[in-house]
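Colleague: build me a structure from this.
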Amino acid sequence: MARDIVYFDLETQRTANDAGGWDKKREMGMSIGVTYSTGLGEYRIYREKEVHELVEQLVKADLVVGFNVISFDYEVLGAYTVLDLAHTARTLDLMVDIEKTLGHRLKLDVLATATLGVGKTGDGLDAIRWWREGRILEIAEYCCFDVKCTKLVHEYGMAHKELKYTDKFRNRRSVAVNWS
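Modeller: Numbering: from 1, shown residues only. The predicted structure is shown next:
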């Protein structure tokens, strides 16, 4: 049986400022969570009322792959579950792994643009504005695209053992990854 890799991202209802600071991620509230499961071959979109189904999918996955999921997405989900997802779900946080190699963080958009030639379609602040305006479909589309970017970056890294990025001096660089 093939491994079930679940690619995951979520968007929030509130900014860190709204919640009272970055140490209050659990107060930010999930607006939409999106997964892509290789086992199911499909995307799933979760609203806040379905968060327990999302958590269940993450815990059951053979591997959860995300970008900044350990210190952000899992912290937001901590408001909805007693589980410590960082220790319960088998997780590959692409940002954390790359940071260990480079000694500094890169954004998903920087990696996707340099590696794949396609970047993100917006940012988290857009998603919060859309939440306030009741534009749930836009949030879901944006979050699905982020999940797809994460999936494509991960797959490229597995196949080529490296990712590309542009540094702060606009020099094209590469970073070795070992995600097999």
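
Colleague: which elements pack onto the worst-scoring helix or strand of the chain on mean pLDDT?
Modeller: The weakest-scoring helix or strand in the chain, judged by mean pLDDT, DSSP states H and E, is helix 124-132 (a mean of 93). Judged by 3 or more Cβ pairs under 8 Å, 6 or more residues apart in numbering; DSSP states H and E, helix 124-132 is in contact with strand 5-12, strand 30-37, helix 136-160. Every C-beta, even on glycine, is put in place using the N, C-alpha and C of the backbone.

Colleague: could you dump these to TSV with mean pLDDT?
Modeller: What follows is these, written out as TSV (pLDDT from 0 to 100):
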stretch	mean pLDDT
strand 5-12	98
strand 30-37	98
helix 136-160	97
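
Colleague: most packed of those?
Modeller: strand 5-12 (a mean of 26; mean count of other Cβ atoms under 10 Å).

Colleague: given that one, what are its sheet partners and their directions?
Modeller: Within its sheet, strand 5-12 is paired with strand 30-37 (antiparallel), strand 63-66 (parallel), according to DSSP bridges.

Colleague: closest to Ala19 out of those?
Modeller: Proximity to Ala19, assessed across those by Cβ to Cβ, is greatest for strand 30-37 (12.3 Å).

Colleague: residues in contact with the helix or strand that the closest one is followed by: which ones?
Modeller: Per DSSP states H and E, the first helix or strand lying C-terminal to strand 30-37 is strand 42-47. Strand 42-47 has contacts (Cβ atoms under 8 Å, 6 or more residues apart in numbering) with 30-37, 53-54, 57, 136, 140, 143-144, 147.

Colleague: residues touching the residue of the chain most remote from its centre, list them.
Modeller: For the chain, the residue at maximal distance from the C-alpha centroid (Cα atoms, centre = their mean) is Phe169, at 26.3 Å. Counting by Cβ under 8 Å, 6+ apart, Phe169 touches no other residue.
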